[in-house]
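Colleague: After the sequence you'll find the predicted model.
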Amino acid sequence: MTQLVRDQFADLIKEGLKAAQERGELPKFELPTIVIESSRQPEHGDYASPICLRLAQEARMSPREIATRVAAHLPPAPFVGQVEIAGPGYINLTLATSWLASQVERILEAGDSFGQLDLGRGRSVQVEFVSANPTGPITIASTRNAVIGDTLANILTAAGFQVEREYYVNDAGSQVRKFGESLYARYLQALGQDAPFPKDGYQGEYVTDMGQEIAQQEGRRYIEMERADAVRALGREGIARVITWVRRDLLALGVEFDTWFHEKHLHESGLFDRALQMLRDRGYITEREDAVWFTSPDLDADAVLIRSPQVIPEPDERPTYLASDVAYVWNKLVERGFDRAIYIWGADHHGDVPRLKAVARALGLDPERAVIILYQMVNLKRGEQDVRMSKRAGEFVTLRELLDEVGADPIRFMLLTCTVDSTLDFDLDLAIEQSDKNPVYYVQYAHARIASMLRYATDLEWDAEAPGDVSLLTHKSELALIRKMLELEEVIATSATQLAPHHLTFYAKELATAFHAFYRDCRVVDAEQAALTQARLMLVRAAKTALARVLRLMGMTTPDRM
RNA sequence: GCCCCCGUAGCUCAAUUGGACAGAGCGUCGGACUUCGAAUCCGCAGGUUGCGCGUUCGAAUCGCGCCGGGGGCGCCA
C-alpha cells in the first residue's frame, strides 16, 4: 500500500522541526498539523508547505528563518530532489527525476490496482443511493444520484474502505397504494371496463401500458378479487415490474447494487416497533391525542410526527416517513454494523437532515456516522432550450431514453462535471455531439490513441511488454506525464475524504492533456533509438493504466478504438 | 417569514477546504498533419471572484449585512 508523497513530505518536515527544536535552534512549541499543498506554479516545485508562515508568531522568528532551520534538518528520502525556501517562507520540494522515472515501474507493477490506498483501513461504509420511488421510471435527477453514489462507492473502494451499495425500495408508503389504484384503473380499462381514474393518480403512459400488459398476461385474475385486495396485489405486482426496469436501466448505466433493501422489512420484522420503544425509553417520545411524536433538543421544530390516528397503515406499511428512518438508521449502524452510512439525497430533502441526525443521536448513536450528501437538481437542455419536465403529467425524460439517445459514458461524465452543490445543466446536444466540444471523448481518445500506438509498435515487431531502462525518461514532458499519473493517488484521497466525485473528471482531462503533450514532444517508436523506445513504451503503458483506472472509477468504458 | 444551495473570464465550470501571481474547457482570432490516431496540439485576448464591512501574517474560501437566481418548510418521498 502506498503512502502519499504528500504525507511523507509532511513527516520529513515534522522530523526537521523536531530536530531543530532539540538542538535549540527553534523554541519549543506544540507541532501543528503540517499542511502540504501542491504547487500551482512549476517554479515552486511539486509540493509546498506554508507551515513556517503559521509558526512565525509562536516562534517569534521570521517565517524564512524558521524554514531555513527546518530545511537544514530534513532527513533524506529517495523522492527528494531539491528543497528550497521561497517567498515569504514556504518550504518547496521538487521531486527527484530519478525517483519519478522509477515510478513508471511501480505503476506497471500495480496495474489495475494502481491508486489503491488504505485510507479506510478496512472500515466499512454503506452507500445508499438512488432509492427512487419504485412507482415509475428513473428520472434525470435520480440518474445524477446514481452516478454520484456509484462513483463515490468506487472512490471509497479505491481508498481502502469496505463498501456496500444499497438501494432502498420505498415500498411501504401510501404511494404504493396510489400506484396500485392507478394500475387497477388502467387494468380494468384494458379489459374494456369504464373504470374511473383516481385523482392524483399516476398518469404516465407506462401505467397504461403496464395495465394492458397485465390484462394480457393474467387475464381476469384481478377483476375477480375484492377491489381492495386487487389494488394491493396490483401495487405489489406493479412495483415488482418497475424494479425490474430500474435494475435493468441502472445496470446499463453501469450501476449495480449489492443490496435491494425493502422498506417493508423494517415494519414486518418488528424493528420499527423496537426502535420506537427505544426512543420511548430514552424519553424522546411524546403522545398527544393518540398521535406519537418524536421530540429532541436537536430539532428546530418542537416535534415531528411519527404516528397519527388519522393514518392507519396496513400491517406492512409505515406510519410516517420518519418512522422508517428511525428503524433504518438503526438497521444500518447497529444491526448491520456499518462504520458509516452515506445517504445520497436530492437537495429538496435538506430539511430532513437534522431530523435524521437527531434520531441517530436519540438512539444513542454518533450522528457523524450518518453522512448525508445533498446534490442539487439537474436542468435538462437542448442547446439553449430548456427541456421541460412534469412528473405529474407523466412527461419526463427517463434514464432509458437518455441511455438510448446519449449512452452511458457521456451521461456519467457529464453528471460528474461539477460539484454536487451546484445545479447542473445537462445539455443533450453537447452530450451526443462527437466532437472536440465534448470533453467525454477527449479522455477516451487519449486511451484509444495509446492502444493504437501499442498496436503500431507491435506491428513493427517491438516487444511492448519488454522491460526497459526508465532512467532514460528525462524529458520535461515525460516527467510532467509521470507527475500527473502519480496525482491519481492524491485525487482518490481527496475525493474520498471530501466525498466529492467531481474531481475525477477534472483530473481525467488533465491526465489526457499531459499525455497529448508528451505525444507532441516525444517520438515513442524510433528504430534509431531502441533503448529509449523501450523506456517510452513502458511510460505509454503506464499512462494507459492510469487513464483506464480513472475512467473505470468514473464508471466509464476504456475504448481501444473509437 | 424561516431553512438549504449557488453567484468566479462572453458561456459552462475548477481552485487540493485559509496560502505564493484565481485556473481549465467552450466560444473569438491566428497557427501546426509526406513520420507512432488532427476526436490532437500551439499561440493571442479575456477578472474589482455579486456588493459592503469584519476576522489575520494571508480570504474566492471563514463571520455579519445586503442584492440576485434556484430549492424546501408536519401525515408526499
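Modeller: Arrived safely, thanks for sending. Residues are numbered from 1 along each chain as shown, chains lettered A, B, ... in the order given.
Colleague: so how far is the helix or strand harbouring A:Leu305 off the chain centroid?
Modeller: If you go by DSSP states H and E, A:Leu305 is part of strand A:303-307. Using C-alpha atoms, centre = their mean, to the nearest Å, the distance from the centre of strand A:303-307 to the centre of the chain it belongs to is 32 Å.
Colleague: The following helix or strand past that strand packs against which elements?
Modeller: Next helix or strand after strand A:303-307 toward the C-terminus (DSSP H and E): helix A:321-330. Helix A:321-330 sits against helix A:263-268, helix A:271-281, strand A:303-307, helix A:353-362, with contacts defined as 3 or more C-beta pairs under 8 Å, 6 or more residues apart in numbering; DSSP states H and E. Yep, even glycine has a C-beta here, placed from its N, CA and C like the rest.
Colleague: Specify the angle between helix A:321-330 and strand A:303-307 in degrees.
Modeller: If you take axes from the mean of the first three to the mean of the last three C-alpha atoms, to 10 degrees, helix A:321-330 sits at 90 degrees to strand A:303-307.
Colleague: Following helix A:321-330 in sequence, what is the next regular element?
Modeller: strand A:340-346.
Colleague: That following strand - contacts with which helices or strands?
Modeller: The contact analysis (3+ C-beta pairs under 8 Å, 6+ apart) places strand A:340-346 against strand A:124-128, helix A:140-158, strand A:370-375.
Colleague: How far off centre is the longest one?
Modeller: Between the mean C-alpha location of helix A:140-158 and the chain-wide mean there is a distance of 4 Å, by C-alpha atoms, centre = their mean.
Colleague: List the pairing partners of the following helix or strand past it within its sheet, with orientation.
Modeller: The helix or strand immediately downstream of helix A:140-158 is strand A:162-169, counting by DSSP H and E. Using DSSP bridges, strand A:162-169 pairs in its sheet with strand A:124-128 (parallel), strand A:259-262 (parallel).
Colleague: any idea which of those strands is most buried?
Modeller: strand A:124-128 (a mean of 23; mean count of other C-beta atoms under 10 Å).
Colleague: Run through who's touching it.
Modeller: A:149, A:152-153, A:156, A:161-168, A:261, A:332, A:336-344 (C-beta atoms under 8 Å, 6 or more residues apart in numbering).
Colleague: picking up where we left off before, now the strand holding A:Leu305 and helix A:353-362, what's the angle there?
Modeller: Using the same axes, to 10 degrees: strand A:303-307 against helix A:353-362 is 80 degrees.
Colleague: List the neighbouring strands of strand A:303-307 plus their orientation.
Modeller: By DSSP bridges, strand A:303-307 pairs with strand A:291-295 (antiparallel).
Colleague: Around RNA strand B, pick out the residues from the stretch 51-200 of chain A.
Modeller: Within the stretch 51-200 of chain A, the positions adjacent to RNA strand B are A:53-54, A:56-57, A:86-88, A:90, A:92, A:133, A:170, A:173-175 by C-beta under 7 Å from any atom of the strand.
Colleague: 6 Å - rerun?
Modeller: By C-beta under 6 Å from any atom of the strand, the residues of the stretch 51-200 of chain A that approach RNA strand B are A:53-54, A:57, A:86-87, A:90, A:92, A:133, A:170, A:173-175.
Colleague: Nearest to A:Ala228 among those?
Modeller: A:Ser174 (14.2 Å; C-beta to C-beta).
Colleague: quick one: contacts for the closest one?
Modeller: Applying C-beta under 8 Å, 6+ apart, the residues contacting A:Ser174 are A:311, A:317.
Colleague: Point out the most buried one among the helices and strands packed on strand A:340-346.
Modeller: helix A:140-158 (a mean of 24).
Colleague: just the angle between that helix and strand A:370-375, please?
Modeller: 130 degrees.
Colleague: Could I get the average pLDDT for helix A:140-158?
Modeller: In this model, helix A:140-158 has a mean pLDDT of 97.
Colleague: so that helix versus strand A:340-346, what angle?
Modeller: Using the same axes, to 10 degrees: helix A:140-158 against strand A:340-346 is 160 degrees.
Colleague: how near is A:Arg536 to A:Val326?
Modeller: Using C-beta to C-beta, to the nearest Å, A:Arg536 is found at 60 Å from A:Val326.
Colleague: Over to A:Lys544?
Modeller: 49 Å.
Colleague: more neighbours, the two?
Modeller: Using other C-beta atoms under 10 Å, the more surrounded residue of A:Lys544 and A:Val326 is A:Val326, with 26 against 22.
Colleague: got the contact list for that one?
Modeller: A:Val326 sits in contact with A:272, A:275-276, A:279, A:294, A:306, A:359, A:363, where contact means C-beta under 8 Å, 6+ apart.
Colleague: Which single one of those residues is nearest to A:Arg520?
Modeller: Of the contacts of A:Val326, the one sitting nearest to A:Arg520 (C-beta to C-beta) turns out to be A:Val359, at 57.0 Å.
Colleague: Does the closest one touch A:Tyr321 like I think?
Modeller: No - counting by C-beta atoms under 8 Å, A:Val359 stays clear of A:Tyr321, with 11.5 Å between them.
Colleague: For the two, work out which one has more neighbours and name it.
Modeller: Between A:Val359 and A:Tyr321, A:Val359 has the larger neighbour count (other C-beta under 10 Å), namely 28 against 17.
Colleague: what's near enough to touch that one?
Modeller: For A:Val359, counting by C-beta under 8 Å, 6+ apart, the contacting residues are A:279, A:294, A:296, A:322, A:325-326, A:329.
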